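K.L.:
Any chance you can model this:
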Amino acid sequence: MMTSILHGYKRSVATYKQKGQMKMTEVKEPLSMDDPLLSKMAHAFLVFCWNLATRAASRATIMYEHITS
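P.N.:
The predicted model follows:
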């Protein structure tokens with residue numbers, strides 16, 4: 001089901017680009033970091049991801065040490 005939805009979306013985007021209703025680089029442009037809110041949100045997201053990853057890694061080693069001791 002999801003592939004048919006994406007296929008229809010790609011088809012409609014291609015039609016819009018062909019008619020000139022959508023810029024050719026509309027979907028492919030990278031995010032600019034000029035927006036301060038976007039920069040803050042990206043920084044907060046990366047900090048939270050880093051904290052979760054390090055917490056999971058430390059918990060995994062602690063649990064492994066409990067099992068092997």
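K.L.:
Just the buried positions in the lowest-mean-pLDDT helix or strand in the chain, please.
P.N.:
Taking all helices and strands of the chain together, the one with the lowest average confidence (mean pLDDT, DSSP states H and E) is helix 36-68, at a mean of 81. In terms of neighbour count (16 or more other CB atoms under 10 Å), helix 36-68 has no buried residues at all. The way it works is simple: take the backbone N, C-alpha and C, and place the C-beta from them, glycine included.
K.L.:
now do stretch 11-31
P.N.:
Counting neighbours, the buried set in stretch 11-31 is empty (16+ other CB under 10 Å).
K.L.:
so for that stretch, what's the average pLDDT?
P.N.:
Per-region confidence: stretch 11-31 scores 80 on mean pLDDT.
K.L.:
In PDB, please show the C-alpha coordinates belonging to it.
P.N.:
In PDB, the C-alpha atoms belonging to stretch 11-31 read as follows (Å, rounded to 0.1, in the frame of the first residue of the first chain):
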ATOM      1  CA  ARG A  11       4.000  10.800 -10.400                       C
ATOM      2  CA  SER A  12       2.200  13.900  -9.300                       C
ATOM      3  CA  VAL A  13       5.500  15.700  -8.400                       C
ATOM      4  CA  ALA A  14       6.900  14.800 -11.800                       C
ATOM      5  CA  THR A  15       3.700  16.200 -13.500                       C
ATOM      6  CA  TYR A  16       3.900  19.400 -11.500                       C
ATOM      7  CA  LYS A  17       7.600  19.900 -12.400                       C
ATOM      8  CA  GLN A  18       6.900  19.200 -16.100                       C
ATOM      9  CA  LYS A  19       4.100  21.800 -16.100                       C
ATOM     10  CA  GLY A  20       6.300  24.300 -14.300                       C
ATOM     11  CA  GLN A  21       4.100  24.500 -11.200                       C
ATOM     12  CA  MET A  22       6.900  23.200  -9.000                       C
ATOM     13  CA  LYS A  23      10.600  24.100  -9.000                       C
ATOM     14  CA  MET A  24      12.900  21.500 -10.400                       C
ATOM     15  CA  THR A  25      14.900  21.500  -7.100                       C
ATOM     16  CA  GLU A  26      11.900  21.600  -4.800                       C
ATOM     17  CA  VAL A  27      12.400  18.200  -3.200                       C
ATOM     18  CA  LYS A  28      16.200  18.000  -3.600                       C
ATOM     19  CA  GLU A  29      17.200  21.200  -1.800                       C
ATOM     20  CA  PRO A  30      19.100  20.700   1.500                       C
ATOM     21  CA  LEU A  31      17.900  22.300   4.600                       C
END
